[in-house]
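A.B. asks: Provided below for reference: sequence and predicted model.
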Amino acid sequence: MTIRTRMTLWYAGVLLVSILAITVLSLNEFHERHRTLRSQRGMKEIVEIVLWIGIPAVLLSVGGGWWLMRKALAPLAALTRAAECINERNLTEPLPRTGNGDELDRLTEVLNRVTARLHDSFTRIREFTLHASHELKTPLTILCGETETALRDESLPPAQREHCASQLEELRRLTRIVDGLTLLAKADAGLIRLALAPVRLDELVRDTFDDAQILALSSRIRVVLAACEETVVNGDSHRLRQLLLNLVDNAVKYNQPSGSITLALRRADGAAEFSIANTGPGIPRESLPRVFDRFFRGDSAHSSDVEGCGLGLSIAQWIASAHNGTIRIESAPSELTTVIVRLPLPQENRIA
Amino acid sequence: MRVLVVEDERKTASFIRKALQAEGFAVDVCHNGQDALIAASATPFDGIVLDIMLPGRDGLSVLRQWRERSNATPVLLLSARGEVNERVEGLNTGADDYLPKPFALAELVARVRALTRRGGEAKSPVLRVANLTLDTLTRRAQRGDADIELTAREYRLLEFLMRSAGRLCGRMMILEKVWDYDFDPGTNLVDVYIRRLREKIDADFEPKLLHTARGVGYVLKDQP
């Protein structure tokens, strides 16, 4: 029950009780004065007065009360709506204050201070990630460079060469993780501008299809291009390539030998819809909401020898949302796993 | 060929110098922007490797001053910031290439080589390594007398490797030139394509031409 309904009911109850009390008292008074007359007509009149004036008066008061409550609580409802819209991106926008210093205004001020502190914490975490990834780059550069220098030495014994090469591969993996973290930290801080231009998405999908066939070759996975409708979106072609390749790479890595991958690009409801389905082991329902989380790796990924940086889907999600698009995943154990990306089509292309 | 390396991080500067010297370059090293300006005005260099983040005067402002003084020496920018727009800003300021840190040393060497060679190389339409030929006009690849069927991507890969014949090609550079990727997709795409290409050009023939330098890159060359 909302405060408004509760208050209105109380108000109506109090009103009803007072009117009843007044009626009973006035009836008593009336009886005292007209005891001698004992007029039946007088009784009837009183009942009529109560019926025809009392009840509408009660109804009117209850209606008025409801309206008053509504008006009094409207700022609270507005505050609730405004507070509901708070998320990690708009923490700097304060909730609108009335400035009249009443209880609600003070509550708004407190809420604003809380979100400001939240914003500071978010900023500090972002800055920390950004600085950490920057700071890691200098030692990584040196480690990579010196290991490579060692590898270039022709006189290096084979065992040590193997050791150095293996170390270099791990260093490269670390580099990719740091690069991925830097990218996401910058994206969070809004530091990345996309180079937007009309992009033939169907051409990118065809290129990705070619790459997918090659990547899938060694595990004998069949790659199918089910549909590839001509589609132009307003986007950053490098980023979109990265998005498609990330998804294809996942579909190959988390597939089973002799499985299949189906790619499709279609236009539907003013959006370009790219879907990629694979015959992997599937994702348990409880893991689905977390697959786009950074460094989240499901049980299937832990148990198999899949090598990845754990940021691919987070990056894919960022790229989709940076293009005002969406990405979602549909899966269940031992069913097809499908990732669906929807990107808005430019206005003029929607009709055609 | 004389190259100037401007890098404040001494260990980094040291292995860059060693790697370039091993490739036959004469290398001078500066650790800050002011010294770099003085060095470049005193000596004509064939190429400059310039770190953006330098103490005092940053790399971009050094580069801007060179270009304002009509110093046209090719410049390869290095940066640890890896800002997406920094590459564009650097190239607009007059840099010839850009390499984000951490980089593969083979990439750096290959890029410096490309930089110092720029414009000087005659482009023959028929590329040749041993008895492997690639006609860039007819897009026909042959090993000896045998025709080799290539997909569009394999053709671009082979053309790139043949144009850099005898020199080590890093993965990033291959991704950039053959795939137009300016990011590391984190896949083994290049390795898989190389394997496919090797099956086509090397499997049934001797000598083997396409070699792997593990962890570093690939090289197409006549001798093992």
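C.D. replies: Arrived safely, thanks for sending.
A.B. asks: and chain B, which residues reach chain A?
C.D. replies: B:9, B:11-12, B:15-16, B:18-19, B:22, B:80-85, B:101-106, B:151, B:153, B:180-189, B:192-193, B:196, B:213-216 (CB under 8 Å from any CB of the partner chain). For the C-beta atoms, the positions are set from N, CA and C on the backbone; glycine is no exception.
A.B. asks: just to be careful, could you list which of these are in strands?
C.D. replies: Within these, residues falling in strands by DSSP state E are B:A213.
A.B. asks: tell me the buried residues in stretch A:56-65?
C.D. replies: Using 16 or more other CB atoms under 10 Å in any protein chain shown as the test for burial, stretch A:56-65 gives A:58, A:61-62, A:65.
A.B. asks: please disregard the earlier target; I meant stretch A:188-206.
C.D. replies: So, applying 16+ other CB under 10 Å, buried residues of stretch A:188-206: A:188, A:192, A:194, A:199, A:201-202, A:204-205.
A.B. asks: strands of chain B, residue ranges please.
C.D. replies: With strands called from DSSP E, chain B shows them at B:2-6, B:26-30, B:47-51, B:75-79, B:97-100, B:126-129, B:132-135, B:140-143, B:146-148, B:169-170, B:210-213, B:217-220.
A.B. asks: for stretch A:208-219, what is the distance to the chain centroid?
C.D. replies: Centre-to-centre, stretch A:208-219 and its host chain are 32 Å apart (CA atoms, centre = their mean, to the nearest Å).
A.B. asks: hmm, it in reach of chain B?
C.D. replies: Yes - counting by CB under 8 Å from any CB, contacts between stretch A:208-219 and chain B involve A:210-211, A:214-215, A:217-218.
A.B. asks: how's chain B carved up into domains?
C.D. replies: B:2-117, B:126-220 (automatic domain parsing).
A.B. asks: report the central residue of chain A.
C.D. replies: When CA atoms, centre = their mean is applied to chain A, the residue found nearest the centroid is A:N87 (9.1 Å).
A.B. asks: related to what we said a few turns ago, okay if I get the buried residues of stretch A:56-65 as JSON lines plus secondary structure and distance to B:V112?
C.D. replies: Output for these, formatted as JSON lines (DSSP: H, G, I helix; E, B strand; the rest coil; distance: CB to CB, whole Å):
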{"residue": "A:V58", "secondary structure": "helix", "distance to B:V112": "93"}
{"residue": "A:S61", "secondary structure": "helix", "distance to B:V112": "89"}
{"residue": "A:V62", "secondary structure": "helix", "distance to B:V112": "86"}
{"residue": "A:G65", "secondary structure": "helix", "distance to B:V112": "83"}
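A.B. asks: wait, which of the residues you listed is closest to chain B?
C.D. replies: Set against chain B, the nearest of the buried residues of stretch A:56-65 by CB to the nearest CB is A:G65 (60.1 Å).
A.B. asks: mind checking the SS state of the nearest residue to the closest one once chain neighbours are set aside?
C.D. replies: Nearest residue to A:G65 in three dimensions, chain neighbours excluded: A:Y11, at 4.3 Å (CB to CB, 6 or more residues apart in numbering or on different chains). Classification of A:Y11 by DSSP: H, G, I helix; E, B strand; the rest coil places it in helix.
A.B. asks: ok, A:Y11 - contacts?
C.D. replies: A:61-62, A:65, A:69 (CB atoms under 8 Å, 6 or more residues apart in numbering or on different chains).
A.B. asks: among those residues, which two are most distant?
C.D. replies: Of all pairs drawn from the contacts of A:Y11, the greatest distance, 12.2 Å, lies between A:S61 and A:M69 (CB to CB).
A.B. asks: could you save the contacts of A:Y11 as a markdown table and add columns showing pLDDT?
C.D. replies: A markdown table is the format used below for the contacts of A:Y11 (pLDDT from 0 to 100):
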| residue | pLDDT |
| --- | --- |
| A:S61 | 80 |
| A:V62 | 79 |
| A:G65 | 81 |
| A:M69 | 82 |
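A.B. asks: export those to JSON lines and tack on distance to B:A146?
C.D. replies: As requested, these are arranged in JSON lines below (distance: CB to CB, whole Å):
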{"residue": "A:S61", "distance to B:A146": "101"}
{"residue": "A:V62", "distance to B:A146": "97"}
{"residue": "A:G65", "distance to B:A146": "96"}
{"residue": "A:M69", "distance to B:A146": "91"}
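A.B. asks: that older thread, so which of the strands of chain B is the most surrounded?
C.D. replies: Ranked by mean neighbour count, these are led by strand B:47-51 with a mean of 27 (mean count of other CB atoms under 10 Å in any protein chain shown).
A.B. asks: next, the angle from that one to strand B:2-6.
C.D. replies: Counting by axes from the mean of the first three to the mean of the last three CA atoms, to 10 degrees, strand B:47-51 lies at 10 degrees to strand B:2-6.
A.B. asks: from the contact counts, what lies against strand B:47-51?
C.D. replies: strand B:2-6, helix B:33-42, helix B:59-68, strand B:75-79, helix B:105-117 (3 or more CB pairs under 8 Å, 6 or more residues apart in numbering or on different chains; DSSP states H and E).
A.B. asks: neighbouring contacts of it?
C.D. replies: For strand B:47-51, contacts defined as CB under 8 Å, 6+ apart pick out B:1, B:3-9, B:12, B:16, B:36, B:40, B:59, B:62-63, B:73-79, B:95, B:108, B:112, B:115-116.
A.B. asks: low-scoring stretches of chain B, by residue?
C.D. replies: Along chain B, segments meeting pLDDT under 70 span B:82-84, B:118-123, B:186, B:224.
A.B. asks: for the residue nearest to the spatial centre of it, give me its contacts.
C.D. replies: Geometric centre of chain B, nearest residue: B:R111, 2.4 Å, by CA atoms, centre = their mean. Contact analysis of B:R111 by CB under 8 Å, 6+ apart lists B:76, B:97, B:99, B:173.
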